[in-house]
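Enquirer: Sequence and computational prediction follow.
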Amino acid sequence: MAKNKTMETEVDVFDFIKSYVDNDPKKMDSHKLIELMSEWSGFAPKMWGPTIIGFGSYHYKYTSGHEGDAPLIAFSPRKAQFSLYVYSQTEKSKRLLEGFGKFKMGKACIYIKKLSDIEITILEELCIETIAYLNEHHECACRN
C-alpha cells in the first residue's frame, strides 16, 4: 500500500509563510485565512506536507483499503493562487458556490487569487458544511 504523501509535519506555519509566500498581499491573506479557519474549525493551524496549512483532522478509509488522515479544512498559498480545501459534495455546498465570488473549481479544491475576490461569509459556511459532512461520514477530530 502506498504511503500517504500529505501528512502533518512539525514545520512552523508562520515560518513557512514567511519563507514561501513571496508578496505582502498574499502574506496578509494567508494570515487572515489562518485566523478565520482557526476560529471556524476550533483548531490551531498545522502544516500538512510541504505547502498545505490544515486545521483539525479526520481519518478516511476507501473501499480499496487505502486509508489515512487529512485536515478537516485547509488552504495552500500557492504561487499562482490559493488552493482552498473547504468543499464537500453536498447540495448545500453547491448552492453556496453560486454567490461565492470569483473562483475556479478543481477536483478537490477551490482556487482563488485573493480573499477580496470572494464572500468571506460564504467561505465560513462552506467550511462549516465541510466539517459537518466529515464529522458525519468519517472518524473525525471535530467530535472531541
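Expert: Yes, it's here.

Enquirer: if I pick the most centrally placed residue in the chain, what's in contact with it?
Expert: Geometric centre of the chain, nearest residue: residue 74, 1.7 Å, by CA atoms, centre = their mean. Residues in contact with residue 74, defined by CB atoms under 8 Å, 6 or more residues apart in numbering, are 37, 48, 52-55, 84-86. Backbone N, C-alpha and C define where each C-beta goes, glycine included.

Enquirer: again with residue 37
Expert: Going by CB under 8 Å, 6+ apart, residue 37 touches 45, 55, 73-75, 127.

Enquirer: mind running it again at 7 Å?
Expert: By CB atoms under 7 Å, 6 or more residues apart in numbering, the residues touching residue 37 are 55, 73, 127.

Enquirer: Now list the buried members of those residues.
Expert: Buried subset of the contacts of residue 37 (neighbour count, 16 or more other CB atoms under 10 Å): 55, 73, 127.

Enquirer: from the residues you listed, which is closest to residue 62?
Expert: Closest to residue 62 out of the buried ones among the contacts of residue 37 is residue 73 (20.3 Å), distances taken as CB to CB.

Enquirer: Identify the bridge partners of that closest one.
Expert: Beta-bridge partners recorded for residue 73 (DSSP bridges): residue 55.

Enquirer: Distance of it relative to residue 63?
Expert: Between residue 73 and residue 63 the distance is 24 Å, computed by CB to CB, to the nearest Å.
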